Each structure stands twice: as C-alpha cells, then as structure tokens.
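J.: Sharing a model that was predicted from the sequence below.
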Amino acid sequence: MNQLPESIEFTSTPGGTIALGLRRLGWLFAVLALLMIVAAIASWISGPFVPGMLALAVAALVGVAWRMSNDLRPRKLILEPGQLVIQTPRQLIEVPIEGAKIRPLTAEETSHLEGLASAGGIVAGSGGFDSRQLGEFDLYASDLRHALFIQGIGTRLVVTPDQPADFTRAFQQMSVLPLLQFSAHE
C-alpha cells in the first residue's frame, strides 16, 4: 500500500495582473498616507493642532487598509491527506478536499474571472464571488495564469500555485479517501 506524505507545500507567488494590482494599490496607499502626513505637518506649522491629528489618523487608517488588503493573499498552499491548507500572511485556512475534483480554468474562464475580480485597474486576489460561468466560489489567487478550480462537497474555490501541474497531481493523491482495512477476525 502506498503511503501518502504528511504534507506537500506549493508556493503562490504574485504575478501577472494581480501583482500589477498590488503594486498600484501600494502606490495609491503610499501617496495617500504621504499626503496626510504632509497635511498634518502643514496644519501644525500654521497653528491648529486638531486638524493635524485628524490627518495623521487618516494616514494610520490608510496603513491599516493596506495591511487588510493583503490579509487573504495566499503565500503557500499546503496539501495534506484530505485537506488543503491555504497559508496567508495572518492565518491558515483549512479546506476539506476529500473526494474533491480539480481542473485548470479555461482561457475564457480566466478572462471572465479577471474581469469579475477587478475594479479601477486593480485585480483582487482574494474574496468571495458569484459568477455566471463558475457559480459561487472563493478566490485565493496570486497569479491567474496558474488558476485551478476546486469543487468538493460544500467547497468551490480557485487557487493559483506556482506549479499548477505538480499541484494537480499531488491534489489528486491527497483528495482520495483512504480505504479502511478490516480484518475478517474483527
């Protein structure tokens, strides 16, 4: 009987439109924070203290928004027997995959997903979506060129490992329910 490994890790590196969106969002937040710091300093130089403190509070809020915008970005995808663990900067998301199916997205589905997940030139790499082509699903993506669709019992998601073919092979091994062996004497 073949023994499954305890776990197999796959990186999920930002690339393509998602990496471009992260850079754009980073610049937007940096410029907003810098403007608020300049406004705070200008306010304090001219005299009023409270408006300067409000501008600093807005700059801090921009920093919190940046941190939160990256909270669900996948860093690693870890396959374990019967489960996928999505490692994000602040949490581990465990997804049961026993009996689940996996397939790459078609070019048409990837294009549709990119349009669905974009706003103002920024493509989101995570979130919950409802699509006419894919139905309702969760997205944990770093590079849509590597998009894989996973459908299981109560689970529909899109992930983007850096090596989609290797991930698919490992997923197919790890998603199979182990057969229980019973002895005739029990």
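T.: Noted; the coordinates are in hand.
J.: Give the bridge partners for I78, please.
T.: With DSSP bridges applied, I78 shows beta-bridge pairing to E9, V85.
J.: for it, what are its contacts?
T.: The contact partners of I78, by C-beta atoms under 8 Å, 6 or more residues apart in numbering, come to 7-10, 84-87. No exception for glycine: its C-beta is placed from N, CA and C like everyone else's.
J.: Any of those buried? List them.
T.: 8, 10, 84, 86-87 (16 or more other C-beta atoms under 10 Å).
J.: Looking at those residues, which is nearest D166?
T.: F10 (7.1 Å; C-beta to C-beta).
J.: Read off the pLDDT value for the closest one.
T.: F10 carries a pLDDT value of 95.
J.: so how far is Q163 from it?
T.: 6 Å (C-beta to C-beta, to the nearest Å).
J.: ok, now A42?
T.: Distance, A42 to Q163, by C-beta to C-beta: 51 Å.
J.: One more: N70?
T.: To Q163, N70 is 23 Å away according to C-beta to C-beta.
J.: Between those two, which is the more surrounded one?
T.: The neighbour count for N70 versus Q163, taken as other C-beta atoms under 10 Å, is higher for N70 (17 against 12).
J.: Skipping adjacent residues, who's closest to the more buried one in space?
T.: On the basis of C-beta to C-beta, 6 or more residues apart in numbering, the spatially nearest residue to N70 that is not a chain neighbour turns out to be P89, at 5.8 Å.
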